[in-house]
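Peer 1: no sequence on this one, just coordinates:
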Ligand code: AP5
């Protein structure tokens, strides 16, 4: 695939729960000066703030099910509209269904943009379950892992000192449901974007730095390069 200019790029991180979309999305957006839009983070923020959206989303999230497409599409549309035009963006956890992908295509087309790359992060189920069981997050959203990426002081955020939390939807039964929903509703996006010629597969089983290097290569950025924020 060609290397394309970084400004205005739209990159989607696709993959199972726990594969590392959030971890890599934050790193990629920081390296490139792009926005990182995680629908999971937006929904959790709405839930914490007690907004109508948060209240509506709660029962779906707690059950490990997808929040309805129209709710998610409106949320992302608003978010993209509020961003400086032409800013690169990493979408993490969106789209998650074919109707969401079609809606995203239409929203981008209105601005003369398109999806430039879809990176499918891949890892076996055993790895996913271990990562999810070890995940701990700060209230501000920094993600750790007790097995693979622990904080300096166990149980507390390195940045803020706040106590780390275990996500409510990371309980084993809900995780099984989320994995099943991924296979049923989200996996068809692999064929959808492959047919569009924008899908790249990245092995997500290596350590965080290794996956990051492979991801930068997949989006056409040399490892170690940085681009100023716009
Ligand atoms: P969301 O928050 O998007 O959850 P998810 O897709 O299930 O993904 P996760 O956040 O579990 O995993 P991740 O891939 O980001 O992994 P992470 O980097 O944290 O969505 C939650 C819910 O919101 C959904 O179930 C749904 O209800 C709703 N929702 C969200 N978007 C929606 C949409 N578009 N439509 C409808 N509903 C929607 O990594 C996991 C752990 O592993 C961490 O501890 C990390 O430190 C560690 N780790 C990461 N990479 C590595 C590595 N290479 N080596 C070792 N450890 C690693």
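Peer 2: Received the coordinates, thanks. Note that the structure is a prediction, hence the values are computed from the model and not measured.
Peer 1: how close does the residue most central in space within the chain sit to residue 37?
Peer 2: Geometric centre of the chain, nearest residue: residue 92, 2.1 Å, by C-alpha atoms, centre = their mean. Distance of residue 92 to residue 37, given as C-beta to C-beta, to the nearest Å: 7 Å. C-betas here are computed from N, CA, C, even on glycine.
Peer 1: need the helices for this structure, in chain order.
Peer 2: For the chain, the helices defined by DSSP state H cover 21-32, 39-49, 52-63, 69-81, 98-110, 125-134, 172-181, 188-195, 208-218.
Peer 1: near the ligand, which residues of this structure show up?
Peer 2: Residues of the chain found near the ligand (C-beta under 6 Å from any ligand atom) are 15, 17-23, 39-40, 43, 60-61, 64-67, 72, 93-94, 96, 100, 131, 134-135, 143-145, 148-149, 169, 178, 207-208, 211.
Peer 1: any quick PyMOL command for the buried ones out of those residues?
Peer 2: Here is the PyMOL command that selects only those of the residues of the chain next to the ligand that count as buried (16 or more other C-beta atoms under 10 Å):
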select buried, resi 15+17+18+19+20+21+22+23+39+40+43+60+61+64+65+66+67+72+93+94+96+100+131+134+135+143+144+145+169+178+211
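Peer 1: residues contacting the residue of the chain found nearest the ligand?
Peer 2: The chain approaches the ligand most closely through residue 40 (1.9 Å), counting by C-beta to the nearest ligand atom. Going by C-beta atoms under 8 Å, 6 or more residues apart in numbering, residue 40 touches 22, 92, 93.
Peer 1: right, and the second one touches residue 13 too?
Peer 2: So the one you mean is residue 92. Yes. Assessed by C-beta atoms under 8 Å, residue 92 is found in contact with residue 13 at 4.9 Å.
Peer 1: what is in contact with those two at once?
Peer 2: 21, 25.
Peer 1: sorry, back to before: quickly list what the residue nearest to the centre of the chain is bridged to.
Peer 2: residue 13, residue 38 (DSSP bridges).
Peer 1: OK, contacts around residue 46?
Peer 2: Residue 46 neighbours (C-beta under 8 Å, 6+ apart): 53, 54, 57.
Peer 1: now rank the residues you listed by neighbours and give me the top one.
Peer 2: Neighbour tally across the contacts of residue 46 (other C-beta atoms under 10 Å): the maximum, 24 neighbours, falls on residue 57.
Peer 1: and that one, how far is that from residue 46?
Peer 2: 6 Å.
Peer 1: what residue ranges in the protein score low on pLDDT?
Peer 2: 1-7, 221-230 (pLDDT under 70).
Peer 1: repeat the analysis, applying 80 as the threshold.
Peer 2: Along the chain, the parts satisfying pLDDT under 80 run over 1-7, 85-86, 221-230.
Peer 1: who's sitting farthest from the centroid in it?
Peer 2: In the chain, by C-alpha atoms, centre = their mean, residue 153 is the one farthest from centre (26.4 Å).
Peer 1: list the buried residues in stretch 148-162.
Peer 2: Buried-residue list, stretch 148-162, by 16+ other C-beta under 10 Å: 151, 156, 157.
Peer 1: just put these in a markdown table and tack on distance to residue 200.
Peer 2: Shown next, in a markdown table, are the buried residues of stretch 148-162 (distance: C-beta to C-beta, whole Å):
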| residue | distance to residue 200 |
| --- | --- |
| 151 | 32 |
| 156 | 37 |
| 157 | 33 |
